[in-house]
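# Got a sequence here, can you model it:
(chains A and B)
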Amino acid sequence: MTNYEDVFKKVVSHAKEYGYVFQSSEVYDGLAAVYDYGPNGVELKNNIKNYWWKSMVNMHENIVGLDTAIFMHPTAWKASGHVDAFNDPLIDNKDSKKRYRADVLIENHIAKIDAKIEKDCIKAAKRFGVAFNKEEFVSTNKRVLERQKKIDEINQKMTSCFSNANLKGIKNLIEELDIKCPVSGTNNWTDVRQFNLMFKTQMGGTADSSSDLYLRPETAQGIFVNFLNVQKTARMKIPFGIAQIGKAFRNEIVARQFIFRMKEFEQMEMQFFVPPGEELKWYQYWKESRMKWHQSLKMGEDNYRFHDHQSLAHYANAASDIEFKFPFGFKELEGIHSRTDFDLKAHQKHSGRKIIYYDSKMNKSYVPYVIETSIGLDRMFLAVLSHSFFEEKLENGESRVVLKIPSVLAPLKAAILPLTKKDGMPKKAREIMKSLQIDFNCQYEEKDSIGKRYRRQDAIGTPFSITVDHQTLEDNTVTLRDRDTMNQERISVEKLHSIIAEKVNISNYLV
RNA sequence: GCGAGUGUAGCUCAGGGGUAGAGCAUCACCUUGCCAAGGUGAGGGUCGUGGGUUCAAAUCCCAUCACUCGCUCCA
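Numbers count the residues shown, from 1 in each chain, chains lettered A, B, ... in the order given. From the prediction side, this is the model:
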């Protein structure tokens, strides 16, 4: 077992043991790729959401929030391209155990034939000393003409199969063309199976196909279809953004790596609307801005990097990921996409309604272009959790497990601990608890030795431990222990609130 | 989905055809009192689930569910 798997396993166990993440429906042996968040997990998650929302919505006069339904009109998903793009016909080679998209296999085969035509064309050009236009050449050469005919025939068959959802036909075509697996070199294929990444359900009691609904595979479309509602009612002027946090659902064939890839997940998205032609400028702006946001948590500059996309999705003209160094390597945490006017135009077309913005500065109307920033909340959660996990060797030879979660995100901000249960210490500790708990999530604990309680708070990731001792009763001071350094400071009870606030308030992180 | 591996207490794991085990954790009481694992006692498991073989299955066989890793896709 490699080391990172080891660490990752420990993080996963730790997450369960301390009430961060549980497997969904565990008493029924669990449900694949679905997880529940425990008492500490929900606090961390809420803190992440709040940190994002404050910085995106509250700190930007030109960004407003929105919360749209998970269900949307089915046509919305036709317009967005998800009905087509999320439908993958897959086929496995039984010998190499490799999986391919059936349409890609066929297209590659076509590309091979096409390459032969190209070659013939070049050869002929050499022989005759004349440069041929490819189309001309095809019509003049019998052998090449047949090749081109073959390509057309395959294309036509493939299109016909796909439009009739004829998966058997696709397999027949692959066998007929004797397409072989590039790895095993055999043509020992399984049947073609259709995988739709969108979850389907019905509205109303009957299974009438007209009432088929999808669970949204992304939150963005809820924003796009509400573009004019929001723009008009909030009296927004371009450039402006709409932010949303919400669940999305994808029926992933393989969902792995704990909460990194789940079937039900949560996105924090902001769609920023700009005039056509200015999208790449804003794309750059948001790339940098979003990276700064991540860096503000101080989880290590080197743990983030950009990954610019080479091949782009159907809606984008530029795309980049912010990747984080997870225990299993650099993986996507957030995507920044320049989505062009694809989505708004598509909804305009499918709905028959105009979705245009009148720009008084430019004195013209247009369909805005969109820059999207989309971060996986669960991935952010995993990034924080896995980055915070440390097993430390202490000077006295013992070890401790500590979650060095950025204090602003920590589920619990302070633990209030009476040194003993005697001499009125619990009463004093309760008083302190009362004075802090309205502003900070606190925990009172009197069980077990003080050292053990410190370790327990370390394992949860509580940045402060406040201990009430004999001296407290005399001069109203307590010891304040720092989670990361384990250093203790004696301070007066009145100062507690401001010291904790300084360390955990969002305003001290976001610039 | 396919292949390989795994599944025994909250956690980490041992055992293995004949009454279910350890350490840690949990709870109660006592003790100690500033960096966990002191004493006494208690609770907790139909050995992932279902079926089969057997006098007898946690153990062997089959199926199934889940997890880990690989292939594919992605937030």
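
# Tell me the predicted confidence for the residue of chain A most remote from its centre.
Here chain A reaches farthest from its C-alpha mean at residue A:128, the gap being 57.0 Å by Cα atoms, centre = their mean. For residue A:128, the pLDDT comes out at 75.

# I'd like the distance between it and RNA strand B.
For residue A:128, the distance to RNA strand B (Cβ to the nearest atom of the strand, to the nearest Å) stands at 41 Å. Just so you know, the C-beta spots here come from the backbone N, C-alpha and C atoms, and that holds for glycine as well.

# what's the answer for residue A:461, then?
Taking Cβ to the nearest atom of the strand, one finds residue A:461 at 14 Å from RNA strand B.

# Without its sequence neighbours, what residue ends up closest to that residue?
Leaving aside its chain neighbours, residue A:461 sits nearest to residue A:403 (3.2 Å; criterion: Cβ to Cβ, 6 or more residues apart in numbering).

# wait, the one you found sits on residue A:387?
No: applying Cβ atoms under 8 Å, one finds residue A:403 not in contact with residue A:387, separated by 9.6 Å.

# between those two, who's got more neighbours?
residue A:403 (27 against 21; other Cβ atoms under 10 Å).

# where does that one land on pLDDT?
So residue A:403 comes in at 92 (pLDDT).

# Next up, the contacts around it.
Residue A:403 makes contact with A:14, A:18, A:385, A:388-390, A:410, A:458-461, according to Cβ atoms under 8 Å, 6 or more residues apart in numbering.

# are any of those buried, and which?
Buried members of these, counted by 16 or more other Cβ atoms under 10 Å: A:14, A:18, A:385, A:388-389, A:410, A:458-461.

# So which bits of the lengthiest helix in chain A are buried?
When chain A is parsed with DSSP state H, its longest helix is helix A:102-128. Neighbour-count burial for helix A:102-128 flags A:102-103, A:105-106, A:109-110, A:117, A:120-121, A:124 (criterion: 16+ other Cβ under 10 Å).

# my guess is residue A:106 meets residue A:173, correct?
Yes: if you go by Cβ under 8 Å, residue A:106 and residue A:173 touch, sitting 6.5 Å apart.

# Export the buried residues of helix A:102-128 to TSV and append columns for pLDDT and distance to RNA strand B.
Below are these laid out as TSV (pLDDT from 0 to 100; distance: Cβ to the nearest atom of the strand, whole Å):
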residue	pLDDT	distance to RNA strand B
A:102	79	11
A:103	76	12
A:105	78	12
A:106	81	15
A:109	81	17
A:110	80	18
A:117	80	27
A:120	77	31
A:121	78	31
A:124	76	36
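
# Enumerate every residue touching the residue most central in space within chain A.
Chain A has residue A:376 as the residue nearest its centroid, 2.4 Å off, counting by Cα atoms, centre = their mean. Contact analysis of residue A:376 by Cβ under 8 Å, 6+ apart lists A:265-267, A:332-334.

# rerun that using 10 Å as the cut-off
A:248, A:259-262, A:265-268, A:331-335, A:382-383 (Cβ atoms under 10 Å, 6 or more residues apart in numbering).

# Of the residues you listed, which fall within the contact range of RNA strand B?
Residues of the contacts of residue A:376 in contact with RNA strand B (Cβ under 7 Å from any atom of the strand): A:261-262, A:265, A:267, A:331-335.

# Any figure for the gap between the residue farthest from the centre of chain A and residue A:141?
Between residue A:128 and residue A:141 the computed distance is 11 Å (Cβ to Cβ, to the nearest Å).

# Could you export the contacts of residue A:403 as TSV, including secondary structure and pLDDT?
Output for the contacts of residue A:403, formatted as TSV (DSSP: H, G, I helix; E, B strand; the rest coil; pLDDT from 0 to 100):
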residue	secondary structure	pLDDT
A:14	helix	86
A:18	coil	87
A:385	helix	90
A:388	helix	90
A:389	strand	89
A:390	strand	87
A:410	coil	95
A:458	helix	91
A:459	helix	90
A:460	helix	91
A:461	coil	92
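
# Quick check: residue A:302 is in a strand.
No: counting by DSSP: H, G, I helix; E, B strand; the rest coil, residue A:302 is not found in a strand; it is helix.

# burial of the residue nearest to it when sequence neighbours are not counted, as a residue count?
Using Cβ to Cβ, 6+ apart and skipping the chain neighbours, the partner closest in space to residue A:302 is residue A:325 (7.5 Å). Per other Cβ under 10 Å, the neighbour tally for residue A:325 reads 18.

# Residue A:379 in helix, strand or coil?
helix.

# Near it, how many other residues are there?
Residue A:379: 23 neighbours (other Cβ under 10 Å).

# separation between it and residue A:400?
27 Å.

# repeat for residue A:423
With distances taken as Cβ to Cβ, residue A:423 is found 29 Å from residue A:400.

# Likewise for residue A:447?
Applying Cβ to Cβ, the value for residue A:447 to residue A:400 is 18 Å.

# Compare the two and say which is more crowded by neighbours.
Neighbour count, other Cβ under 10 Å: between residue A:447 and residue A:400, residue A:400 has more, with 15 against 9.

# what sits against the more buried one?
A:390-394, A:451, A:454-455, A:458-459, A:486.

# Let's see that with 8 Å instead.
Residues counted as contacts of residue A:400 (Cβ under 8 Å, 6+ apart) are A:391-392, A:394, A:455, A:458-459.

# Could you find the closest non-adjacent residue to residue A:330?
residue A:323 (4.4 Å).

# For that neighbour, identify the helix or strand it belongs to.
Using DSSP states H and E, residue A:323 falls within strand A:318-326.

# in its sheet, what does that strand sit against?
The sheet places strand A:318-326 alongside strand A:304-308 (antiparallel), strand A:329-340 (antiparallel), with pairing taken from DSSP bridges.

# Would you reformat those as CSV and include mean pLDDT and mean neighbour count?
Below are these laid out as CSV (pLDDT from 0 to 100; neighbours: other Cβ atoms under 10 Å):
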stretch, mean pLDDT, mean neighbour count
strand A:304-308, 91, 14
strand A:329-340, 91, 20
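
# neighbouring contacts of the helix or strand containing residue A:467?
Taking DSSP H and E as the criterion, residue A:467 maps to strand A:464-468. If you take Cβ under 8 Å, 6+ apart as the criterion, strand A:464-468 is touched by A:413-419, A:425, A:428-429, A:432, A:450, A:453-454, A:457, A:478-483, A:488, A:496, A:500, A:503.

# could you pick out which of those residues are near RNA strand B?
Within the contacts of strand A:464-468, those near RNA strand B by Cβ under 7 Å from any atom of the strand are A:419, A:450, A:454, A:479, A:481, A:488.

# could those go into a markdown table alongside pLDDT and secondary structure?
Converted to a markdown table, those look like this (pLDDT from 0 to 100; DSSP: H, G, I helix; E, B strand; the rest coil):
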| residue | pLDDT | secondary structure |
| --- | --- | --- |
| A:419 | 91 | coil |
| A:450 | 90 | helix |
| A:454 | 91 | helix |
| A:479 | 94 | strand |
| A:481 | 95 | strand |
| A:488 | 93 | strand |
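
# By neighbours, which of these wins?
residue A:481 (23 neighbours).

# what sits opposite it in the beta ladder?
Beta-bridge partners, per DSSP bridges, of residue A:481: residue A:465, residue A:488.

# residues touching it, list them.
With Cβ under 8 Å, 6+ apart, residue A:481 has these contacts: A:454, A:464-467, A:487-488.

# at 7 Å what do you get?
Counting by Cβ atoms under 7 Å, 6 or more residues apart in numbering, residue A:481 touches A:454, A:464-465, A:467, A:488.

# Pull out the buried residues from stretch A:425-442.
For stretch A:425-442, by 16+ other Cβ under 10 Å, it's A:425-426, A:428-429, A:432-433, A:436, A:440-442.

# residues making contact with that stretch?
Contact with stretch A:425-442 is made by A:43, A:411-414, A:416-419, A:444, A:446, A:466, A:468, A:472-473, A:493, A:496-497, A:500, A:504, as judged by Cβ under 7 Å, 6+ apart.
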